[in-house]
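*Asks:* after the sequence you'll find the predicted model.
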Amino acid sequence: MDKISFFSADYRDGRVHIGGKSYPAGTFAAHLLNQYYENDTAARIGVFTTDNWQLEKMLRLGYLKVSDYVNAGERMVNIFTALPWLKPFDMLGTDDEHNRIATLFSEENGHIISEYFSRRAKIGQMDVGQIVFPNLPKEYEKDFFDRTEALLGEVNATLSFYDTLSADIRNSFEKLRVFVSRVNEADRFDEEHLLPIALEVFGSVPFPVTTEYVPIKKASRSKTATLARRLYFDSYYSFVMTDFFEGLHYGHYPRRCDICKKYFLMTSAARQKYCTGYAPFKLKGKAITCRKYAARINRKELAAGNPVIRIYKNLCSVLRMERKRGTVTEEFASTALDLAKERMQRAKEDAEYANSQYESDMSREKLYAEVDKQLK
């Protein structure tokens, strides 16, 4: 089980594998947008997030008041009252993390760190002769120093993660909300057109991420493994930003439903306004999805708003006009229409093809050249 303060996720083919499950990349960015105000999640986490600057200052300066150290751990575990409401933390074993922090910030560990600082101070008083001819004082004990320095590394990483968690959640939410509000500025909803908006909203997002390549199974029934990138995150912000941009690379992006006002993840270039979740209204006493509700009140999304359909219809119009004028034969037009329909159906099922090759394949020149080859 991952430590929450340094958890990992695996990425492959536009999907993120975490907690033994697989999701479309971008899922967790959309979840944050919905969960931020739900049950006052962000506010509650913010209340329980503690500012341990005094303890961090002591650790930097090389001394420790054990009671402050223990109290910091006791304050920190309160965050687990609300943290499980926010993904992916509910999949990372919050009970185990609660116990880890309680053990990490124990009085025993506090005394170990205090003893380490005391011994290190004595070593710092060594004179030049002792340094040139290694004659370390009796206080130096290599195994003790190695263990305590590893302990301090874990303590500092844990303090950093939880002290910045509330700000990470707020910063991620505010920027994601701005991005969603500007999505309609894009001519098309694919990486090429959405990326400039994302970079303007988020700016450069530098953060240290440890990476390794690992074998994973794409599905529970898979018999063979495939290669994936495993990323380790030392902050919530780095995880959400990675999830968002990994999703954007594959044409995934969050949108807000015009009916229920909740956010949902789009995985195609369609100009879809409504989600497939249940609407906050009922028709004849029965629950209905937002998309069906929109259709009932004459707000159904126009097919023309879908770039895949629009490109197909434009090409069909050109073919019918040329057939009417006699510039192409009946056989040529029929073959071209069949080929165009085949590519349109593929684009509707394959978001990656729709966002990359579809428009080029549906150009008049390319389609006509392919038909010429088929009829020869």
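*Replies:* It's in.
*Asks:* remind me which residues of the stretch 101-250 of the chain are low pLDDT?
*Replies:* Applying pLDDT under 70 to the stretch 101-250 of the chain flags the ranges 126-139, 219-220.
*Asks:* what do you get if the cut-off is 90, keeping everything else the same?
*Replies:* For the stretch 101-250 of the chain, the stretches flagged by pLDDT under 90 are 118-143, 157, 160-166, 184, 186-191, 203-211, 215-226, 233-235.
*Asks:* could I get the full set of strands for this protein?
*Replies:* Remark: strands assigned in the chain by DSSP state E are 7-12, 15-18, 21-24, 210-216, 226-233, 253-256, 263-266, 278-283, 286-289.
*Asks:* adjacent strands (with direction) for the second one?
*Replies:* Just to be clear, that refers to strand 15-18. Looking at strand 15-18 with DSSP bridges, its partner strands are strand 7-12 (antiparallel), strand 21-24 (antiparallel).
*Asks:* residues near residue 296, how many?
*Replies:* Neighbour count for residue 296, taken as other C-beta atoms under 10 Å: 13. C-betas here are computed from N, CA, C, even on glycine.
*Asks:* for the nearest residue to it once chain neighbours are set aside, give the beta-bridge partners.
*Replies:* Closest residue in space to residue 296, ignoring its immediate chain neighbours: residue 283 at 6.3 Å, by C-beta to C-beta, 6 or more residues apart in numbering. Residue 283 has the following beta-bridge partners by DSSP bridges: residue 286.
*Asks:* before we move on, the earlier item: closest one to residue 322 among the strands paired with strand 15-18?
*Replies:* Distance to residue 322, taken as C-beta to C-beta, is lowest for strand 21-24 among the strands paired with strand 15-18, at 40.4 Å.
*Asks:* buried stuff in stretch 283-293?
*Replies:* 288, 289, 290, 291, 292, 293 (16 or more other C-beta atoms under 10 Å).
*Asks:* and that stretch, end to end?
*Replies:* Distance between the two ends of stretch 283-293: 8 Å, counting by C-alpha to C-alpha, to the nearest Å.
*Asks:* report the contact partners of residue 62.
*Replies:* Counting by C-beta atoms under 8 Å, 6 or more residues apart in numbering, residue 62 touches 117, 120, 121.
*Asks:* which residues touch the closest residue to residue 103 other than its chain neighbours?
*Replies:* Of all residues beyond its chain neighbours, the one nearest residue 103 is residue 109 (7.7 Å), with distances taken as C-beta to C-beta, 6+ apart. Taking C-beta under 8 Å, 6+ apart, we find residue 109 in contact with 69, 103, 151, 155.
*Asks:* per-residue pLDDT, residue 15?
*Replies:* What the model reports as pLDDT for residue 15 is 92.
*Asks:* wait, doesn't it sit right on residue 21?
*Replies:* No. The criterion here is C-beta atoms under 8 Å, and residue 15 misses it with residue 21 at 10.1 Å.
*Asks:* looking at those two, which one has more neighbours?
*Replies:* Taking other C-beta under 10 Å, residue 15 and residue 21 do not tie; residue 15 has more neighbours (20 against 10).
*Asks:* what's the neighbour count on the closest residue to the more buried one other than its chain neighbours?
*Replies:* Leaving aside its sequence neighbours, residue 15 sits nearest to residue 22 (C-beta to C-beta, 6+ apart; 5.2 Å). Counted by other C-beta under 10 Å, the residues lying close to residue 22 total 17.
*Asks:* how about residue 265?
*Replies:* Count around residue 265 with other C-beta under 10 Å applied: 20.
*Asks:* OK, contacts around the nearest residue to it once chain neighbours are set aside?
*Replies:* Spatially, and ignoring its direct neighbours in sequence, residue 265 is nearest to residue 30 (4.4 Å; C-beta to C-beta, 6+ apart). Residue 30 makes contacts with 254, 263, 264, 265, as judged by C-beta under 8 Å, 6+ apart.
*Asks:* 10 Å instead, please
*Replies:* 23-24, 176, 180, 243-244, 247, 252-256, 262-266, 275 (C-beta atoms under 10 Å, 6 or more residues apart in numbering).
*Asks:* okay, it and residue 121: tell me how far apart.
*Replies:* Per C-beta to C-beta, to the nearest Å, residue 30 is found 51 Å from residue 121.
*Asks:* ok, now residue 346?
*Replies:* To residue 121, residue 346 is 70 Å away according to C-beta to C-beta.
*Asks:* more neighbours, these two?
*Replies:* Taking other C-beta under 10 Å, residue 346 and residue 121 do not tie; residue 346 has more neighbours (15 against 12).
*Asks:* near the closest residue to the more buried one other than its chain neighbours, how many other residues are there?
*Replies:* Distances taken as C-beta to C-beta, 6+ apart place residue 353 nearest to residue 346, at 5.9 Å, with adjacent residues excluded. Neighbourhood size, residue 353 [other C-beta under 10 Å]: 15.
*Asks:* again with the one 3 residues further on
*Replies:* The number of residues packed around residue 356, counting by other C-beta under 10 Å, is 16.
*Asks:* quick one: contacts for the residue nearest to it when sequence neighbours are not counted?
*Replies:* The shortest distance from residue 356 to any non-neighbouring residue, by C-beta to C-beta, 6+ apart, is to residue 190 (8.0 Å). Neighbouring residues of residue 190 by C-beta under 10 Å, 6+ apart: 248, 250-251, 253, 268-269, 307, 351-352, 354-356, 358-359.
*Asks:* thanks again, I'm all set now.
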